[in-house]
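Asks: curious how this folds, go ahead:
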Amino acid sequence: MTNISFEIQDMIYSLKRLIFVNSANHGFSELVLDQHLAMYGRNNGGKTASLASTKLVLFPETNFSDCKSKFRFEGKGNKVYDKDDSYDFYFPDSNSFIGLEVQNRRGIFCMILYRSSGYSYGRFFIPCEFNELQKYFFDRENKVVNPELTVELLEKLCRQYKGHRTTDKTPTSELISLMYGDYGKFDGLYCIVPLKDSNKTSVEAFRNIYHLAFDSGTSEIETLPSAIATLIEMNRTHSKQAVGVDFNKSIMEFNQLTEDKKQLTKLENIKPDYDHIKSEFDVLIERCKSYSIDFIQLKHQLDANNEYYGKLGNTLQDQIKEAESAWKIPNEQHKALNSTFQQTTGKKDYCERELKKIDADIYQIEVMLTQDYKEHQPQEVLDLLNEHLSLKQDELKSYASKEDTRNFLTQAIDQLRGKENRLKSYQEILNDSSALTFNKFSQSTKDVFNTLNSQFSKLKIELSDHEIAKFEDFASLFSVDYDNRKMMLKEVLISKFSPYDVQATLNKIRSEVEPLIQEISDLNKSITNSRNILTIYEDNKLLEAKMNEVNKDITKTNNIIKLLKNYDTNKGNLKVKQAEFDSYCIELIKMQDELNKLEQLKNDNYQIFRQLESKLNNLQNNISKLQRMNALYKRAELFNLHLPSTIVGEIPEIEIDFELKESLATEIIDQASKIQSEKSKFSVEIKSLLEKINIDGIDPFQLIHNLFDYGHIIDRLNTTFNTLGLKLIQLRTNIKQHNSMISMQISEINDAHQLLELHIENINTKLNKKKISNLSNIRLKLELKANFTNLLNTITKHNTVSDNLADQTFYDELMEFFNKHKNPQGRIEMRNLIQSISYQYELNNQLTTKSQSGGTTSTIKAFVLSVLLNEIKIPHSQLKMPIIVDEISTLDQKNTTATIAQIGEQGFSIFCATPSYSYLVSKLVGNWVFLDKNTVKFAKVANCIYSILPEHVQHFGVAQNA
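Replies: Coordinates of the predicted model:
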């Protein structure tokens, strides 16, 4: 930072230049601020907006919220732009920047505003001249904005120069300290405007003063009154002297004093009634004490008996619970075991039925095999049965139609012939066993064929020697091991070896003869039946009977076949079922023994339970008597007349009697009834008294249930009436203090009025040091609130040293003024006394308070602005900043000359704008530039194209700089 020697006369604070990058229609511009400058350009081109951007750099804000109130950016037709329009205009791009170069007593620094998120912006404070930073912003030779200019680059530069960065989260207090504080945390390093008081109020005054340059018509009611009032407060010795009268507090105090006086007067008049009630209460309390002793003694008796019988009852209840549990547990166990016993019995019975059925099935098969088929193997029997079944099924089918019957008859006749031939062959063999074909074979051949199929042994066929030789050759293919009874075909074991025995064969033939004869008989019957059916086929009943007979035979045969097939399985199941049955029987025997034990246990425990219940019934009779006694006590308790032991005192001890008499409680109730009657009378009297007075903490309509509560009320009343004299003295003292406070507030308002008049007069003196064309006697005209003067006259009539309160009308008028003009914090401040501050001047010797032209208003505003800005800065400092004069072309030559001279004399520069070039303005201002004459190349933002550089500024002769 550039070093400057610190001397009082050298305390210069100068705004040197304003920089735009992609902002306010500028691509890149440097506007010199410490010399007069006129800007020309078409309407809506951005002249006024460029001037108004100074608000962004000078006001300690971080966002565009509440934009209309904070910045008041105005356009044509007095339109005030909102945050959307304003933010998009000044920060249309993430690389939009607005800079300000400032010189202060510490040197030169640059403040760069950058776009943030959500309508916000931050600042970089970099302690160096802009000439050092310019190369990072703009290429002057090529007229191109640096494409690498970003917030990140500025942050890097800020760190490089050991600067300071603020964000949209930075507190306003920190920004105020930075930008307006000449001392403090930052020691004036980045001070732009050195305000006398760097606080929010002073900043708001500066804001209002600066708004004057742009104000379109509300300055006399809003801007000027607020600014001047704040200036006056700043010039007072300390903050406690700032005007801030809170009449609301004084009026509330008056209302309270009025109410206190009314209450104390009422207490004086009612004290005799209270003395009478106090005497009655003392008598009633003594009676209640005696009653309370009897009541408490009765309670001791009842408590002892309740405890005794309660414990006895609890003991019996516990014993009954234990006995009930001891009975119910085996009872539940007996039920559960008995249920299991019944289920197991059912399983045993079912198993027994299955066992009997299996045994019957086995027996039936064994009888059949030993009696009907004793010479046959089971498989042979099965074959015979299947053959019989097939015959019967065919017979049944034959009944379906005549054709089926004829077919069956043919088959049956063929079967009959075959069976008769076989029977004949069997009979011949039995008569002469030498007729067997096997007799022609060798023994080994007989053994081989008998093993292969035992039916071979029963054949009676005539064979030639050649055929016999073939049988012998075939048998020789097998090897026979007679010792081990095995027969092999090469290495393959052939079934079970069964050597041929002629006698066994004959026995087997004999066993087959009788069944074969039966089968022949059955076939004959079937043939006869079929022939009969063919004969009587039209007889449906006979046909149906025959079919039923055959069906029964088929069913019976099927059952026998099924039993025969399951024979071996049933013999195995029989053993399993027998073991299962035996297991159930053993289990049931054990269960029955356990059931007997549980039955005995539950019966014994149930007897104990019944005995305890009998004892409990006897106890209940005694408890019922005690309950009646307790009920009588509760009735007495409902009267709520007994007093706490702290009031009654020591209670005599009594001997506990477990044979209570109900008469004791009856006597207590009689006492309570009498006292209650006296209490009711007392309640009416004290309620009447309480309704006449108002004692804090006592509700005259509250429900009071006992004398103890009345005692609290009597104590409060006693305190109230005993301190009545002191309260009356204190009341007179409070009234005097109140009147003194009113006097001080009146003086403060009078002082504020006088300060306003004096300060306005001082400003007017400064305004009239220079004559402006045909204008003279320029002054600010102060207009107070309409009823302020009347209020001053009223309050001066009030005697502020007496111990009497003023009339209600006095406070009504005071409150009306307060409610109408108080600020949001509920106080009357100097600003609230001002109705308006308008401009007054003589035009051609004619006094007027309304401007006849925009030029006149601009002239006066510029004068006032220069004076007020000098008022707000710290003493002995020199503030050089631009004073904005928009539409300067509306001023005539003399007014323009005087305005520029006034601004220059106050140490400021004029920063003005007008649409068209003006020779007169250029000559008087001395420096001018065209807004839209120069542009940047390759503009990043569509509308941001203008470029104003110091070398673009033109000078008229020798510029008369400020």
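
Asks: could you chop this structure up by domain?
Replies: 8-194+877-955, 197-242+734-872, 373-565 (automatic domain parsing).

Asks: please convert the ones you listed to JSON lines, extending it with mean pLDDT, distance to T258 and mean neighbour count.
Replies: Placement of C-beta: from N, CA and C, glycine included. Below are the domains of the chain laid out as JSON lines (pLDDT from 0 to 100; distance: least, CB to CB, whole Å; neighbours: other CB atoms under 10 Å):
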{"stretch": "domain 8-194+877-955", "mean pLDDT": "88", "distance to T258": "42", "mean neighbour count": "19"}
{"stretch": "domain 197-242+734-872", "mean pLDDT": "73", "distance to T258": "6", "mean neighbour count": "17"}
{"stretch": "domain 373-565", "mean pLDDT": "76", "distance to T258": "122", "mean neighbour count": "15"}
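
Asks: now do the helix ranked longest in the chain: which elements does it pack against?
Replies: In the chain, assigned by DSSP state H, the helix with the most residues is helix 247-367. Counting contacts by 3 or more CB pairs under 8 Å, 6 or more residues apart in numbering; DSSP states H and E, helix 247-367 is packed against helix 540-565, helix 567-638, helix 645-648, helix 662-692, helix 707-722, helix 724-767, helix 808-821.

Asks: coming back round to it: now the domains of the chain as a markdown table including distance to N305?
Replies: Shown next, in a markdown table, are those (distance: least, CB to CB, whole Å):
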| stretch | distance to N305 |
| --- | --- |
| domain 8-194+877-955 | 76 |
| domain 197-242+734-872 | 62 |
| domain 373-565 | 87 |
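
Asks: of all the ones you listed, which one comes closest to Q343?
Replies: Closest to Q343 of the domains of the chain is domain 373-565 (CB to CB; 31.6 Å).

Asks: span of the closest one from start to end?
Replies: Taking CA to CA, to the nearest Å, domain 373-565 runs 15 Å from one end to the other.

Asks: can we start the residue count at 52 from this point?
Replies: In the new numbering, first residue 52, that becomes domain 424-616.

Asks: if we can go back for a sec, nearest to I999, out of the helices and strands packed on helix 298-418?
Replies: It is, among the helices and strands packed on helix 298-418 and with distance given as CB to CB, helix 775-818, at 33.2 Å.

Asks: what's the closest one packed up against?
Replies: So helix 775-818, by 3+ CB pairs under 8 Å, 6+ apart, packs with helix 275-286, helix 298-418, strand 826-835, helix 839-846, helix 881-884, helix 905-923.

Asks: now for the ones you listed, which one comes closest to L88?
Replies: So among the helices and strands packed on helix 775-818, helix 905-923 is nearest, using CB to CB, at 14.5 Å.

Asks: adjacent strands (with direction) for the helix or strand that that closest one is followed by?
Replies: Remark: after helix 905-923, the chain's next helix or strand is strand 929-931, criterion DSSP states H and E. Using DSSP bridges, strand 929-931 pairs in its sheet with strand 63-74 (parallel).

Asks: show me the contact partners of the following helix or strand past the partner strand.
Replies: Per DSSP H and E, the first helix or strand lying C-terminal to strand 63-74 is strand 77-83. Residues outside strand 77-83 that contact it (CB atoms under 8 Å, 6 or more residues apart in numbering) are 67-73, 88, 97, 101, 181, 185, 188-189, 196, 978, 986-987, 990-992, 995-1001, 1004.

Asks: and for stretch 658-667?
Replies: Residues contacting stretch 658-667 (CB under 8 Å, 6+ apart): G364, L367, Q368, Q370, I371, A374, E375, A377, W378.

Asks: need the contact list for the third one.
Replies: When you say that, I think you mean Q368. L667.

Asks: next, the angle helix 713-743 makes with the longest helix of the chain.
Replies: 140 degrees (axes from the mean of the first three to the mean of the last three CA atoms, to 10 degrees).

Asks: tell me the helix or strand right after helix 298-418.
Replies: Next along from helix 298-418, by DSSP H and E: helix 429-449.

Asks: which element is the residue nearest in space to the middle of the chain on?
Replies: The centroid of the chain falls nearest to G169 when counting by CA atoms, centre = their mean (27.4 Å). Assigned by DSSP H and E, G169 falls within no helix or strand.

Asks: kindly report the same for E183.
Replies: helix 181-188.

Asks: CA atoms only: put that helix into CSV for me.
Replies: Provided in CSV are the C-alpha atoms of helix 181-188 (Å, rounded to 0.1, in the frame of the first residue of the first chain):
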residue,chain,number,x,y,z
PHE,A,181,-5.6,-0.4,-9.6
ASN,A,182,-2.8,0.2,-12.1
GLU,A,183,-1.1,-2.8,-10.6
LEU,A,184,-4.2,-5.0,-11.1
GLN,A,185,-5.3,-3.6,-14.4
LYS,A,186,-3.4,-6.1,-16.5
TYR,A,187,-5.4,-8.9,-14.9
PHE,A,188,-8.7,-7.2,-15.9
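
Asks: cool, thanks, talk later.
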